[in-house]
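[1] sharing a model that was predicted from the sequence below.
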Amino acid sequence: MSAKTFLLQNSETGDQIELDVRSGTVGPDVLDIRSLNASTGTFTYDSGFAATASCESKITYIDGGKGLLMYRGYPVEQLAEKSSFIEVCYLLLHGELPSTDELAKFDQTVRTHTMLNETMLRLFDGFHHDAHPMAMVAGVVGSMSAFYHDTTDIYDPRHRDIFAHRILAKMPTIAAAAYKHTVSQPFAYPRNDLSYAKNLLHMFFGVPTEEYEVDKVAAEALDLLFILHADHEQNCSTSTVRMAGSSGANPYSAIAAGIAALWGPAHGGANEAVLNMLEQIGSVDQIDKFVDKAKDKNDPFRLMGFGHRVYKNHDPRATIIRGACHKVLKQLGRTDSPLFELALRLEEIALKDDYFIEKKLYPNVDFYSGIIYRALGIPTSMFTVMFAIARTVGWVSHWREMIVDPDGRISRPRQLYTGPVARDYVGIDKR
Ligand code: CMC
């Protein structure tokens, strides 16, 4: 029995049960309701899991009221300013910042596992030229379970390490192959002498006919966006990875499930939807009309890139990316960015509107990220793929934590059944 308990009383019978209260290192307590069904015969109802902690985790912490995000205890602002994506990957996977040697070894391991099996590369030929890159990436990542079934014993720590390094290293290559397929250009093989972000840009924009020099500013901007997207505790795609993985499924399949979940416009697909929305709005004088549409309950239109299940003050990632937009656009010589101007104005108008104030709707990570991707020349349909590359390390970290969790069980929620009660089958001639 833990020190703190919570008393629950049945209003009909007066029966009481005591539930353990569990405390984390920081953040709200949770009620341990695991004994609830056995002792009362009831379940809890929490659609969308808005009030449910699905697991214990040591990876990422968010305080939505304060707009605070920490990876392994380090505030994301400090990591964005001082760290690199590859170092953040190490931190998320291992729990601590690496020493110089550890970082060099980890970086080298990731850099030297970037190539794809040539057969895997040929899978892209099976996709139509206008297939959405997220569909291709989800399919090809899922196919990795067919290529690497010899090293996916989930109970073998060495196999888990191989999986982690392999998927981290190959995600940019798979993403670039998907992009090259959409533009019918020859695939550019990875270069192990380049950093994670530089290699990605090389594979995206390099062509066999000429030397491609990777832009330092572009690589730094990408690295920053990757740090900010690397993890976000139990979001929809991460919970999907945990849930799929909880059955003991092949980890590549679990990551493919996470990619599929990320694609939705309420989640990672929002970055693509934001750019499409800004283009649809078109000019500052149209903003009021679209803000009114977003507020209209009878109109399905929502302000994409606004609102968050957890952040009710500000999303710290959006604040950093807004600042980075100013810097990157200036450094790239794109001082005249009508889309960025439009986004700034839209934010300003929405944040003064009672509807958005009352519902605590602020710009989220996806509101400004597309402006930077666009400035780097990345097409809109690839935005969510960029998110998937960055979030892979988060998914892998959570999958690894889940596999060794002593409390871990197959995820199997219950339901409140409201369908028909038992009835007898009626023959077709009597219906
Ligand atoms: N525009 C207009 N109204 C909104 C918006 C929006 N973007 N977001 C929420 N609302 C309203 C919503 O209609 C609801 O109103 P009411 O209480 O009158 O029914 C209220 O605000 C609460 O919203 P909710 O949908 O119950 O909140 P949720 O926690 O279930 O959903 C969300 C969160 C992010 C899915 C939602 O805010 C949304 O659809 N935003 C737009 C899509 C988006 O930007 N997604 C990216 C999220 S951040 C990155 C990531 O997760 O990958």
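    Cool, got the structure.
[2] any idea which strand is longest in this structure?
    As assigned by DSSP state E, the longest strand anywhere in the chain is strand 16-22.
[3] for it, which positions count as buried?
    For strand 16-22, the neighbour count (16 or more other CB atoms under 10 Å) marks L19, D20 as buried. Where you see a C-beta, it was placed from the backbone N, CA and C, and this is true even at glycine.
[4] hmm, who's touching stretch 122-138?
    139-140, 143, 174-175, 177-179, 181-182, 184, 187, 256, 259-260, 262-263, 269, 381-382, 384-385, 388 (CB atoms under 8 Å, 6 or more residues apart in numbering).
[5] how many residues are close by H128?
    Residue neighbour count, defined by other CB atoms under 10 Å, stands at 10 for H128.
[6] and if you look at I428?
    So I428, with other CB under 10 Å, has 5 neighbours.
[7] before we move on, what about L68?
    Residues within reach of L68, counting by other CB under 10 Å, total 16.
[8] what residues does the stretch 1-150 of the chain have near the ligand?
    Taking CB under 6 Å from any ligand atom, the part of the stretch 1-150 of the chain that reaches the ligand is made up of G48.
[9] does G248 belong to a helix, a strand or coil?
    When classified by DSSP: H, G, I helix; E, B strand; the rest coil, G248 comes out as coil.
[10] pretty sure it is touching I154, no?
    Yes. Using CB atoms under 8 Å, G248 makes contact with I154 at a distance of 6.3 Å.
[11] still on that earlier bit, and for the longest strand of the chain, what's in contact with it?
    Contacting residues not belonging to strand 16-22 are listed as 1-2, 4-10, 29-33, 35-36, 39-40 [CB under 8 Å, 6+ apart].
[12] out of those residues, which are buried?
    Listed as buried from the contacts of strand 16-22 are L8, V30, L31, I33, L36; burial here means 16+ other CB under 10 Å.
[13] what's the spacing between the last one and R400?
    If I follow you right, that is L36. Taken as CB to CB, to the nearest Å, the spacing of L36 relative to R400 amounts to 29 Å.
[14] more crowded one of G248 and I154?
    Neighbours were counted for G248 and for I154 using other CB under 10 Å; I154 has more, 19 against 12.
[15] for the more buried one, give me the pLDDT.
    Note on I154: pLDDT of 95.
[16] which ones are touching the residue nearest to Y189 when sequence neighbours are not counted?
    On the basis of CB to CB, 6 or more residues apart in numbering, the spatially nearest residue to Y189 that is not a chain neighbour turns out to be M115, at 7.0 Å. Listed by CB under 8 Å, 6+ apart, the contact set of M115 reads K170, T173, Y189, P190.
[17] what is the most widely separated pair among these?
    The largest distance within the contacts of M115, taken as CB to CB, falls between K170 and Y189 and amounts to 12.5 Å.
[18] who has more neighbours out of those two?
    Neighbours around K170 and Y189, counted as other CB under 10 Å, are more numerous at K170. The numbers are 24 against 16.
[19] buried ones in the helix or strand hosting the more buried one?
    K170 belongs to helix 157-182 when elements are defined using DSSP states H and E. Within helix 157-182, the residues that qualify as buried are 159-160, 162-182, counting by 16+ other CB under 10 Å.
[20] quick one on the thing from earlier: among the contacts of strand 16-22, which are in helices?
    Among the contacts of strand 16-22, the members falling in helices are L36, S39, T40 (criterion: DSSP state H).
[21] out of the residues you listed, which is nearest to the ligand?
    L36 (24.7 Å; CB to the nearest ligand atom).
[22] dump the residue contacts of that closest one.
    Contact criterion CB under 8 Å, 6+ apart gives L8, I17, L19, T42, F43, T44 as the residues in contact with L36.
[23] what pLDDT does it get?
    Confidence score, pLDDT, at L36: 93.
[24] ok, now S2?
    Reading off the per-residue confidence, S2 sits at a pLDDT of 56.
[25] for the closest residue to F43 other than its chain neighbours, phi and psi?
    Nearest residue to F43, sequence neighbours excluded (CB to CB, 6+ apart): R414, at 4.7 Å. Main-chain torsions, R414, degrees, to the nearest 10: phi -110, psi -170.
[26] quick check, Y45 in contact with L416.
    Yes. Counting by CB under 8 Å, Y45 does reach L416; the two are 5.4 Å apart.
[27] so which residues of the stretch 251-400 of the chain form helices?
    Remark: helices assigned in the stretch 251-400 of the chain by DSSP state H, counting those that start in this stretch are 251-262, 270-281, 287-295, 316-331, 338-351, 354-358, 365-375, 383-403.
[28] I'm done for today, thanks for sticking with me.
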